[in-house]
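> how does the following fold in three dimensions:
(2 chains)
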Amino acid sequence: MTLRTAVLVAALAVASCGGGAPDARSPTGSNVPPRGTLTVFAASSLTDAFGRAGDELTRRYPGTRLVFNYGSSSTLATQITNGAPVDVFASADEASLQKVIEASLVEGSAAIFATNRLQIAVAPGNPKRIASLADLARRDLLVVLAAPSVPAGKYALDALSNARVSLTPASQELDVRAVLNKVALGEADAGIVYVTDVRSAGTRVTGIEIAEPYQVVARYPIVTLKESKNQRLAALFVDFLLGPDGQRVLGDLGFTRP
Amino acid sequence: MSSEPIPRPFAVLAALAAALFLLPLLGLLVRFPWSDAFGALASPEILTATGLSLVTSLGATALSILLGVPLAVVYARARFRGLRVIRALTTLPMVLPPVVGGVALLVAFGRRGLAGQWLDSAFGIRIPFTTAAAILAATFVAMPFLVLTVEAGLRSMDRRYEEAARSLGADRWTVFRRVTLPLVAPSLYAGAVLCWARALGEFGATITFAGNVPGSTQTLPLAVYIALESRPEAAIALSLVLLLLSLVVLVALRDRYLPTR
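You can find the predicted model right below:
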């Protein structure tokens, strides 16, 4: 069997019986377990989700190792177009992915594997009584956003403009986790982050819902890079995320199904 | 002056070492937007960042001279228990990852920080996200360069001039001002330039402690980072500008780092 068919079979096997143990692999072929290292560049909002997904996958395939590089999707896209050795890229927006696609570095087409929504992160218990986007314009509040070049920053500006709120952020952080941390540390009174960030922060912050008409939905595409030396493992990882187990991991952390 | 023979393996490794530094420089020169350098550099946000970088780096240098020279005097002259430990701890930022420095500054001077909490409740002073924070972050990482350079100057100077001045009736402050300071002036100058260059390049502690606020904390290195995503040609142009500035620093200090023999 050629390598390509082996990849396909293994990928199909995982996609069709994602819940399975190692022995639930392809009934027909590839008894060679996947091996090697997979380098994944992922939006910083995926930090927890991919950490868990990686743990599950390496438990299932002990010969594999996943290396993650988290950052703002726009930074990651710049690194990739400048030649960073990457197997898989998961972006928090389609614009960043577009840069990589335009550089014709992508193998196949992109799949949307998760969606995410925005929330206002505030100090635990919401001592400043922030109830809506409109409240963020209050003079007594220190509000941080992600920089406009970062997906989370762009989405936040979209939501604010949907709500016709204008404000000057106290800081434009380099990625969404930095926004979350500024709120969690108490340096900022509020920040616009993803629902999943608020959930991952546990009791360190409280999340305030954004009213539905102003809400912005972030779509997360994932692609395999042409340069990848381990297409088989890359396909396994992507299929895991799209399959029931990956979706369960993502759902547990607050992501929604595409 | 003729060249000595260099063993071949050494020559190869030396060439590799030189290439490590020269290739990135070459890369910047090749990718530099020569035709539209002015357009790439003259945008308002870059002019703002340049002005802010001058303010923060010079502010940090001034603060480092004001506080660092006395510290260097203590290190060179005083003897007390714990001095060596304090000296080591205040030198730490030279080897500490700057982001760690930024986190440390946040837990000290942040709104909920050890000192920051008190500054906020007593005076209503909040440091993070202000130009003061950017200056403080730059001072934190840059001052050790000044302190160590001035301390070395103080240790190597000839103390007999001070003794002579004392014996002629000058008080301690006069001796320091009229004798010691002129004698260590070259070290102070070198230390200040090094400190300024380090402050100018400061990124990690600034982004962590002061945030990225165009006009008040977005210095040139931060602007380069942000521009790399949206306008790469501007980032490359800016990088070359910063590199030329560093070159100027090196030339200014040539007697110290570029021996001419």
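
> where along the stretch 51-200 of chain A do the strands fall?
Assigned by DSSP state E, counting those that start in this stretch, the stretch 51-200 of chain A shows strands spanning A:64-71, A:88-90, A:106-122, A:143-146, A:171-173, A:190-194.

> so which of those gets nearest chain B?
Chain B lies closest to strand A:171-173 among the strands of the stretch 51-200 of chain A, at 2.9 Å (C-beta to the nearest C-beta). All C-beta atoms are positioned from the backbone trio N, CA, C, and that covers glycine.

> who are the packing partners of the closest one?
On a contact count with 3 or more C-beta pairs under 8 Å, 6 or more residues apart in numbering or on different chains; DSSP states H and E, strand A:171-173 meets strand A:143-146, helix A:176-184.

> return the most buried member of those.
For these, average neighbour numbers computed from mean count of other C-beta atoms under 10 Å in any protein chain shown are highest in strand A:143-146, which has a mean of 29.

> paired strands for it, with orientation please.
Strand A:143-146 has its sheet partners listed here by DSSP bridges as strand A:171-173 (parallel), strand A:190-194 (parallel).

> winner for burial among those strands?
By mean neighbour count, with neighbours taken as mean count of other C-beta under 10 Å, strand A:190-194 ranks first of those at a mean of 31.

> redo the strands of the stretch 51-200 of chain A as JSON lines? Include mean pLDDT and distance to B:Phe145.
Below are the strands of the stretch 51-200 of chain A laid out as JSON lines (pLDDT from 0 to 100; distance: least, C-beta to C-beta, whole Å):
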{"stretch": "strand A:64-71", "mean pLDDT": "91", "distance to B:Phe145": "30"}
{"stretch": "strand A:88-90", "mean pLDDT": "96", "distance to B:Phe145": "39"}
{"stretch": "strand A:106-122", "mean pLDDT": "93", "distance to B:Phe145": "38"}
{"stretch": "strand A:143-146", "mean pLDDT": "95", "distance to B:Phe145": "31"}
{"stretch": "strand A:171-173", "mean pLDDT": "93", "distance to B:Phe145": "27"}
{"stretch": "strand A:190-194", "mean pLDDT": "96", "distance to B:Phe145": "35"}
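
> ok, and which of the ones you listed has the densest surroundings?
Burial of the strands of the stretch 51-200 of chain A is given as mean neighbour count (mean count of other C-beta under 10 Å); strand A:190-194 ranks first at a mean of 31.

> show me the contact partners of that strand.
The contact list for strand A:190-194, computed with C-beta atoms under 8 Å, 6 or more residues apart in numbering or on different chains, reads A:45, A:116-122, A:128, A:130, A:136, A:141-146, A:152, A:155-156, A:159-160, A:173, A:176, A:179-180, A:182-183, A:208, A:218, A:254.

> quick one, that strand and strand A:106-122 angle?
Orientation check (axes from the mean of the first three to the mean of the last three C-alpha atoms, to 10 degrees): strand A:190-194 against strand A:106-122 gives 150 degrees.

> tilt between strand A:190-194 and helix A:176-184?
Strand A:190-194 runs at 140 degrees relative to helix A:176-184, counting by the same axes, to 10 degrees.

> quick one, what contacts residue 72?
Unless you meant another one, I'm taking chain A. Under the criterion of C-beta under 8 Å, 6+ apart, the contact list for A:Ser72 reads A:43-44, A:92, A:146-147, A:149-152, A:174-176, B:229.

> other chain: chain B
Residues B:146-148, B:150-151, B:154 are the ones in contact with B:Ala72 under the rule C-beta under 8 Å, 6+ apart.

> which of those count as buried?
The neighbour-count test (16 or more other C-beta atoms under 10 Å in any protein chain shown) marks B:146-148, B:150-151, B:154 as buried among the contacts of B:Ala72.
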